[in-house]
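Participant: I'll drop the sequence and a predicted model, then ask my questions.
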Amino acid sequence: MADAKERVRRLFEEPWKGNWDVLDEVVAPDYLGYDSGQAEPLRGIESLRGYLKAYSDAFPDARLAVHEQVAEPGKVATRWTARGTHAGEISGIAATGKEVTVSGLTISTLVGGKVVEQWTTWDRLGMLVQLGAVPTATEA
Amino acid sequence: MSGFFVESSHMPCAECGASVAAAEREAHACDPQRLLEYRLFHLRDEVAGLEEGLRGYLDSPHGRFAQWLAERERRGGASA
């Protein structure tokens, strides 16, 4: 299970360091990625790559840190935090120059050492608040 | 007045844009480099507009004359 945790950790952290090859290494071709903020799941490696690239383009200095992982055979749960400066458009919000910090939880399913499915819920509303797209109590 | 407002565990500093945890808000001190970069980021359109405006001026008859005059003065032509 230590190997599964390490594989998932690399999948989370490496793309933000510019190592996009890790996706081909760790993710199964028939990958399915469910995200509480997405109407449709991500299907396949390229879909996941495109999703991550959109955020990487908007937050070029972003780094993702894995804080905690819990595993059982075939599954890894990961608590993570991402931090980066908003330097490009994302979700229709023009660059603000603000640095944001968001956290999330992901449950990854692995088959044959490859990630075949992930369920993620992360603080998208917190990101919108930090970018000023949603008013806070102090701004009311 | 009632309304729905949300809080976040982190918020960007209004001065420098750095992400600051709620618990560290009072102790936060802006990094001078970050402060400068944040201010320049917000002036980027103005800076780009200034450069475009300067290029436009230099291409105009007045601008071309000003360049010719400046070049003449640089070569000492004005005193000749």
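Facilitator: Happy to help now that I have it.
Participant: what's around A:A62, how many residues?
Facilitator: When neighbours are counted by other CB atoms under 10 Å in any protein chain shown, A:A62 registers 21. (Glycine included, C-beta is placed from N, CA and C.)
Participant: Report the contact partners of it.
Facilitator: Shown in contact with A:A62 (CB atoms under 8 Å, 6 or more residues apart in numbering or on different chains): A:16, A:55-56, A:82-85.
Participant: Next step: those restricted to helices.
Facilitator: Using DSSP state H, the subset of the contacts of A:A62 located in helices is A:55-56.
Participant: Counting neighbours, which of the contacts of A:A62 comes out on top?
Facilitator: Of these, A:T85 is surrounded by the most neighbours, 24 neighbours in total, counting by other CB under 10 Å.
Participant: who's that residue bridged to?
Facilitator: Here A:T85 sits in beta bridges with A:E99, as judged by DSSP bridges.
Participant: For the one helix or strand A:W80 maps to, the averaged confidence score.
Facilitator: Assessed by DSSP states H and E, A:W80 sits inside strand A:75-85. For strand A:75-85, the mean per-residue pLDDT is 97.
Participant: sorry, back to before: so which of the contacts of A:A62 comes closest to chain B?
Facilitator: Minimum distance to chain B across those is 6.0 Å, recorded for A:R83 (CB to the nearest CB).
Participant: Does that closest one touch A:V100 like I think?
Facilitator: Yes. Judged on CB atoms under 8 Å, A:R83 makes contact with A:V100 at a distance of 7.1 Å.
Participant: shared neighbours of the two, anything?
Facilitator: Common contact partners of A:R83 and A:V100 (CB under 8 Å, 6+ apart): B:S19.
Participant: coming back round to it: check which helices and strands the strand holding A:W80 is in contact with.
Facilitator: On a contact count with 3 or more CB pairs under 8 Å, 6 or more residues apart in numbering or on different chains; DSSP states H and E, strand A:75-85 meets helix A:2-13, strand A:63-72, strand A:99-111.
Participant: Put the alpha carbons of that strand into PDB.
Facilitator: Presented in PDB, the C-alpha positions along strand A:75-85 are these (Å, rounded to 0.1, in the frame of the first residue of the first chain):
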ATOM      1  CA  LYS A  75      -7.700   2.600  -2.600                       C
ATOM      2  CA  VAL A  76      -5.900   5.700  -1.400                       C
ATOM      3  CA  ALA A  77      -7.500   8.700   0.300                       C
ATOM      4  CA  THR A  78      -5.500  11.900   0.100                       C
ATOM      5  CA  ARG A  79      -5.800  15.300   1.900                       C
ATOM      6  CA  TRP A  80      -4.100  18.000  -0.100                       C
ATOM      7  CA  THR A  81      -3.600  21.800  -0.300                       C
ATOM      8  CA  ALA A  82      -2.800  23.800  -3.400                       C
ATOM      9  CA  ARG A  83      -1.300  27.300  -3.400                       C
ATOM     10  CA  GLY A  84      -0.600  29.600  -6.300                       C
ATOM     11  CA  THR A  85      -0.800  33.100  -7.800                       C
END
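Participant: Show me which residues of chain B sit near chain A.
Facilitator: For chain B, the residues in contact with chain A (CB under 8 Å from any CB of the partner chain) are B:3, B:5-12, B:17-19, B:21, B:37-38, B:41-42.
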